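Peer 1: what shape does this take:
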Amino acid sequence: MHENISPVLKDYLPDDHKYFTFLKKVFRHEFRKNWFRRISTVYLENTSMQEKVFGEKFVNDNILSVEWNTGLRINSNIGVLNAYLNWELMDEIQPVHLYHIWKFFNKKQENYYIWGDIIWESDSILDSMLIYMTYSTLNKIWLENTFNIKLNVVLNKKELDSYIQDLRDFYENKKHLLSQEWLDYLANDPLKILSLETENEKILAQEAPKMMSYIKKDSKEYFSKLIAYLDMLKVPYNIDNLLVPEFSYASHSMWYFLKNDSSKKISKWCRYNYLSKIMWHNKEVWAVWFCVNVDTLISMLKENNMKIKNKDELDLYFIQLWDEAKKIVFNLSLEAREKWIKTMVSLWTPSMKEQILKAQRAWAKFIVICGIMEAKNNVFQVRNMAKGTQEEVKKDDILDYIINKIGPENLDFYCPARDLIIE
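Peer 2: Numbers count the residues shown, from 1 in each chain. Below you'll find the model as predicted:
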């Protein structure tokens, strides 16, 4: 097997896309009900911008860089906010609801995410709406009781400065217990010290000062309202004092949906009111986002033996055994599709046995066999796969025969081109 371009990149096979298509449909439906519109942002972002937002060390450790001083996006926060500011979305009725389904990359992994943003409003009821959307959607796809929700406050700058000072004071006489990694975190990124995962690290972190004790009037009111909305919506959650934001532009509050008995994230969310000023804008642009890890959800559906209903049931499968027969069944298959019959056709020349096996695997209801004699006489063999019976049918009567057998009400009348409106 050839090595991939990068060990973090992977192929998405047809079975994965079967589940992915299902998840896209489910979440798109939820987005449409809540007046979200789809957006797609660019893959590449300016490295200098990424360093401003994430920090130089994070970019070096995580961002997959390419030429022209650019790197692959690691999330959609920069791209969505850039689009909002650059393309006059701020002139529309506010807040703007946007969703995004795309790949994101870093040096450790590549994942598909389903992403939602609400821009230009700072109200905890919108935060609770995104949490509820995720919670209710997971329940609708039969994953209830397979996950838990953890929630924590995100301190503002003044609150954070006070908390970090007390956190460092707490660890001052415990430095002899810390590894060099811990000491580096304590010096350069103290919040990360709460998220390290060895047993000793967890014990110390549990004894450390709690961020919830440092929120003041405005922050406390915001978080209290969020909790009240979640209680009203009957969304179960646990406040986890050890949750820390991934990025410095997070504000107000954050949550994770985690697999039961696992630290694997299904979904995550936070406000990012500060991001616009870190980027280049002269004002705060209030915004909140959440994302769902498609790969994690696909694995959970498979682990729980969830199968996807096959909506592409096949009515008719054409088999041919001669060059002239190819031309006949090819034209007939095109005509069958024009008459809304769900149709496949074998246009290569393996044995009849192989072609019938293929039709069986495709769960075809009827097989039309066109060999040398059938092509010359314009009379085909039609096999009913469910009953195991076979009849001779004239070529000109084939399609009407199939429609009568499957029932006109079962034809596939879906045509996306009909969504176009000519004014």
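Peer 1: in contact with the residue lying farthest from the centre of the chain, which residues?
Peer 2: Computed with CA atoms, centre = their mean, the residue of the chain farthest from its C-alpha average is residue 377, at 53.4 Å. By CB atoms under 8 Å, 6 or more residues apart in numbering, no residues touch residue 377. In short, each C-beta sits where N, CA and C put it, glycine included.
Peer 1: can you check residue 114 too?
Peer 2: 23, 24, 27, 99, 100, 101, 291, 292, 294.
Peer 1: you'd agree residue 383 is in a strand?
Peer 2: Yes. Per DSSP: H, G, I helix; E, B strand; the rest coil, residue 383 lies within a strand segment.
Peer 1: okay, now it: neighbour count?
Peer 2: For residue 383, the count of nearby residues is 19 (other CB atoms under 10 Å).
Peer 1: just the pLDDT at it, thanks.
Peer 2: On the pLDDT scale, residue 383 is placed at 96.
Peer 1: and for residue 23?
Peer 2: 96.
Peer 1: which residues does the strand or helix carrying it contact?
Peer 2: If you go by DSSP states H and E, residue 23 is part of helix 14-33. For helix 14-33, contacts defined as CB under 8 Å, 6+ apart pick out 12, 38, 97, 99, 101, 112, 114, 116, 133, 136-137, 140-141, 292, 294, 297-298, 301-302, 308.
Peer 1: and for stretch 345-354?
Peer 2: Counting by CB under 8 Å, 6+ apart, 317-321, 326, 329-330, 333, 355, 358-359, 369, 371 sit against stretch 345-354.
Peer 1: how about a cut-off of 7 Å?
Peer 2: Contacts to stretch 345-354, defined as CB atoms under 7 Å, 6 or more residues apart in numbering, come from residues 318, 319, 320, 321, 326, 329, 330, 333, 355, 358.
Peer 1: give me the nearest residue to the fourth one, chain neighbours excluded.
Peer 2: Put plainly, it is residue 321. residue 371 (4.2 Å; CB to CB, 6 or more residues apart in numbering).
Peer 1: ditto for the second one
Peer 2: Nearest residue to residue 319, sequence neighbours excluded (CB to CB, 6+ apart): residue 355, at 4.4 Å.
Peer 1: ok, back up a step: narrow the contacts of stretch 345-354 to those in strands?
Peer 2: 318, 319, 320 (DSSP state E).
Peer 1: nearest to residue 397, of those?
Peer 2: Using CB to CB, residue 318 comes nearest to residue 397 of the ones in strands among the contacts of stretch 345-354, at 15.1 Å.
Peer 1: right, and the closest one touches residue 368 too?
Peer 2: Yes. With contacts counted by CB atoms under 7 Å, residue 318 reaches residue 368, the gap being 5.1 Å.
Peer 1: how about the helices in the stretch 1-150 of the chain?
Peer 2: Taking DSSP state H, counting those that start in this stretch, the helices of the stretch 1-150 of the chain run over residues 14-33, 47-54, 56-62, 77-86, 124-140.
Peer 1: how about CSV for those, with distance to residue 149 added?
Peer 2: Output for the helices of the stretch 1-150 of the chain, formatted as CSV (distance: least, CB to CB, whole Å):
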stretch, distance to residue 149
helix 14-33, 17
helix 47-54, 26
helix 56-62, 26
helix 77-86, 21
helix 124-140, 7
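Peer 1: for residue 184, find the nearest of these.
Peer 2: helix 56-62 (10.4 Å).
Peer 1: contacts for the closest one?
Peer 2: For helix 56-62, using CB under 7 Å, 6+ apart, the contacting residues are 47, 50, 51, 71, 74, 106, 107, 108.
Peer 1: now do the last one against residue 27, distance only.
Peer 2: In other words, residue 108. Remark: distance between residue 108 and residue 27 (CB to CB, to the nearest Å) = 25 Å.
Peer 1: higher neighbour count, these two?
Peer 2: A direct count of neighbours by other CB under 10 Å for residue 108 and residue 27 places residue 27 higher, at 23 against 9.
Peer 1: now do the contacts for the spatially closest residue to residue 191 that is not a sequence neighbour.
Peer 2: Excluding the flanking residues, the one nearest residue 191 by CB to CB, 6+ apart is residue 244, at 4.3 Å. Applying CB under 7 Å, 6+ apart to residue 244 gives the contacts 191, 192, 194, 195.
Peer 1: and stretch 56-65, what's buried?
Peer 2: Within stretch 56-65, the residues that qualify as buried by neighbour count (16 or more other CB atoms under 10 Å) are 58, 59, 62, 63.
Peer 1: now the residues you listed as a markdown table including distance to residue 235 and pLDDT?
Peer 2: A markdown table is the format used below for the buried residues of stretch 56-65 (distance: CB to CB, whole Å; pLDDT from 0 to 100):
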| residue | distance to residue 235 | pLDDT |
| --- | --- | --- |
| 58 | 31 | 92 |
| 59 | 35 | 94 |
| 62 | 31 | 93 |
| 63 | 34 | 93 |
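Peer 1: what about the strands in the stretch 51-200 of the chain?
Peer 2: 65-66, 70-72, 96-105, 110-119, 147-154 (DSSP state E, counting those that start in this stretch).
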